[in-house]
Each structure stands twice: as C-alpha cells, then as structure tokens.
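[1] Structure, please.
(one chain, ligands or ions: 1)
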Amino acid sequence: MNCLKRRTCLNLRVFSVFLAFFVLVCSVSAQPVIELIYFVPKDVDDLDQQVDLKKIVDYVAEGQKFFATEMDRLGFDPKTFEFNKDIVVVHGKKGYAAYKELNDLRAEIPNRSAWHKDNIQVIFLAGRYDWLGLPGVMEQKCFAKVNDPSDVRCKDYVIMPWGLGDKLNIETITAHEIGHALDLDHITGKSNYLMNRVREVVPGVEGKLRDLELSIESAEILNASNEVSSRPDLIMVNTKTDIDADVNDDGYIDLYDVLIVRSGMQNSVKYDTDLNNDGITDEVDLLIVKAKAMEAIVAASPRKRKVNITTWGAVKQK
Ligand SMILES: [Zn+2]
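    From the prediction side, this is the model:
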C-alpha cells in the first residue's frame, strides 16, 4: 500500500467516524432535552432534600416508562422522552411569596442550554401547594433572535408545586404536564386518559399513573413528532429472575397459570398473581407468565430449541 492510498484510507476512516458522530448528534438533538430543577425558596425549610431528589427522579422515570409502555401497546414501538437525571438544585434568593409568575423563577435558574431548540425545564417548587391555583402547569416561552427575528425558538416550562408531596399523584400530574410540553393537547372523553383535563383541576380524584392510558390520538401525535424516541429497555421484562410462575402450584408452568393471571387482572383470584410483586396484577405479570410457560414448553419439547423471550414485541409475534 503506498502512502497516497493509506492517507485516503485514513481520511475515509476519519470521515466515516465524523459522519457517524454527526448522525448521532443529529438524531439526539432532534429530541428535546428535559432538565429537572428543584427550586427551594429562601424561607422554605427543606430538611428532606436528598429524599425529595430521588423521589423526583423516580416520579419522572415512572412517566418515562408510562409513555414507553403505552406507545408500544398502541403499536408505535416503546417511544418515550429522555431526561437528565442530574437535578439542578436552585436555592432561591427570595421567600416563596415573591415567586408569583414564571419569570420570577426563570430569573434565578441557570440556563444550561438556552438556545437548544425545544428545551423543556421541569421545575419542582419546594414549599408550594399550588402554582397559579393548580397542581401543575406547563407554560411555553418563545424568543426571537435579536439579529435574526425570523429565528424563533421556544422553551417549555413545567412547574410542579412540590409541597403537594404524596397528597396527590404527583407522578401522574408531572407526566400530564410533560405530555403538554411534548405538544399534546387535552383529550376529552374517557377519564382514564392521561391527557384528560379533569384530572388537573379535581385534586384527589386523579388516577394513579399505572391505571391511565395514552389515547390513540395522543400516541399518533407523539409518533409523528421528533419529541420521543424508542427506548425498549424501559419495558424490558427480565424472565431470568427467580419469579415463581407456577401460580396454581401444580408443578407445571402452563396455560392454566396464564389463564389464572389473566383472570387476576380483572377479578380477585385465590392465587398470588402479582408475579413481579409491584402491588398489582397487570399486563407485565401476564407477559411474565406467558414467557415462563413458553420457556417450559420449549424445554419440554423433544428438540429443545433454545429461545429467549424478553420483550413485548417478541411475545406478540408468537
Ligand atoms: Zn392539562
């Protein structure tokens, strides 16, 4: 190989690495960056901050998982939003009564990526029980560049009064407001839709996130936008754990166990059908018992073909 050729190869390699990087950056930047902020006004005594920070991440992660599971259920792949788990803690310069509108908060929040298009900030406000009389608000602010007024970019702000703590299903309200930030409007109709308006204004009646659904209309809007991307890891069910799927304890994992779990999703049954021990019998438990039964059947078959069933998609194809 002569020198010229080698340099061409090297250039090509550098170029392809650059291209791969460029494609990666482009595909990542299409999605808005969701930043979490924990805002503590000066006069709010906040002893529990470390616990709160973990709770905040957990609640937002629940919402992330909700979107992935629902998008997948509706046939759009497990598409969901990405968020930065590294929460920015802002100690307010003023007492909580001084924060009356979004601009009061914005003035004190560091702008880590000000001109990133479609950036979303979710601000959890310590010590407050409402924001503008509501348990959660999404507000959009748009800016035009001074030297190019046609370059308009918008930023979405979700404000969550964290003082509500566990009194309301704060993960539900957070997911609802993030839904707005991802361009979803209110949906009228069934009250079990995440984007139903009622839930916002009637504290105490809002459903648990896991009981809610994304409507097909919402899913179609999300699917057509660049706001979400596929995250199969969020709905992965690990069937390799020591889950006892022999629900009726007859020594076999089979169709009977599947039927019992399916029944347990709607009725109370005398067997323990909550296989993953998350407090409810749901689709995930059904998936687990189906996968386990499938494994058992394959293991018992003469050919002993080895299969790995770990995702919704894989089970659906069967
Ligand atoms: Zn709303």
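
[2] Contact partners for the residue most central in space within the chain?
    Taking C-alpha atoms, centre = their mean, the centroid of the chain lies closest to Gln64, which sits 0.5 Å from it. If you count contacts by C-beta atoms under 8 Å, 6 or more residues apart in numbering, Gln64 has them with Thr80, Phe81, Glu82, Phe83, Arg231, Leu234. To be clear about C-beta, it is placed using only N, CA and C from the backbone, and glycine gets the same treatment.

[3] helices and strands around the helix or strand hosting Ile159, which ones?
    Following DSSP states H and E, one finds Ile159 within strand 148-161. Strand 148-161 sits against helix 102-106, strand 120-125, strand 137-145, helix 170-181, with contacts defined as 3 or more C-beta pairs under 8 Å, 6 or more residues apart in numbering; DSSP states H and E.

[4] same thing but 6 Å
    Packed against strand 148-161 by the contact rule (3 or more C-beta pairs under 6 Å, 6 or more residues apart in numbering; DSSP states H and E) you find strand 120-125, strand 137-145, helix 170-181.

[5] if we can go back for a sec, counting neighbours, which of the contacts of Gln64 comes out on top?
    Thr80 (26 neighbours; other C-beta atoms under 10 Å).

[6] Okay, now the unreliable bits of the stretch 151-300 of the chain?
    Where the stretch 151-300 of the chain drops to pLDDT under 70, the residues are 164-168, 198-207, 236-242.

[7] let's see it at 50
    Applying pLDDT under 50 to the stretch 151-300 of the chain flags residues 200-205, 238-240.

[8] Please, where are all the strands along it?
    229-230 (DSSP state E, counting those that start in this stretch).

[9] Sketch out the helices for it, chain order is fine.
    170-181, 198-201, 216-224, 255-264, 283-300 (DSSP state H, counting those that start in this stretch).

[10] so which of the ones you listed comes closest to Val89?
    Closest to Val89 of the helices of the stretch 151-300 of the chain, according to C-beta to C-beta: helix 170-181, at 17.5 Å.

[11] just the angle between the closest one and strand 120-125, please?
    150 degrees (axes from the mean of the first three to the mean of the last three C-alpha atoms, to 10 degrees).

[12] For helix 170-181, enumerate the helices and strands it packs against.
    helix 49-73, strand 137-145, strand 148-161.

[13] Let's have the contacts of Gln64 in TSV, adding distance to Asn103.
    Formatted as TSV, these follow (distance: C-beta to C-beta, whole Å):
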residue	distance to Asn103
Thr80	30
Phe81	25
Glu82	27
Phe83	24
Arg231	34
Leu234	35
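
[14] Which of those residues sits closest to Lys290?
    Leu234 (19.4 Å).

[15] Spatially, what comes nearest to the closest one if we skip its sequence neighbours?
    Take Leu234 and drop its neighbours on the chain: the residue closest to it by C-beta to C-beta, 6 or more residues apart in numbering is Ala68, 4.1 Å away.

[16] The one you found contacts Arg231, correct?
    Yes - using C-beta atoms under 6 Å, Ala68 is in contact with Arg231, at 5.3 Å.

[17] which residues are common contacts for those two?
    Residues touching both Ala68 and Arg231 by C-beta atoms under 6 Å, 6 or more residues apart in numbering: Pro78, Thr80.

[18] What is the burial count for the residue nearest to Asp282 when sequence neighbours are not counted?
    In this structure, Asp282 finds its nearest non-sequential neighbour in Met265, 6.2 Å apart by C-beta to C-beta, 6+ apart. Met265: 14 surrounding residues under other C-beta under 10 Å.

[19] Roughly how far does Met265 sit from Asp278?
    Noted for Met265: a distance of 13 Å to Asp278, by C-beta to C-beta, to the nearest Å.

[20] go on, Val298?
    To Asp278, Val298 is 27 Å away according to C-beta to C-beta.
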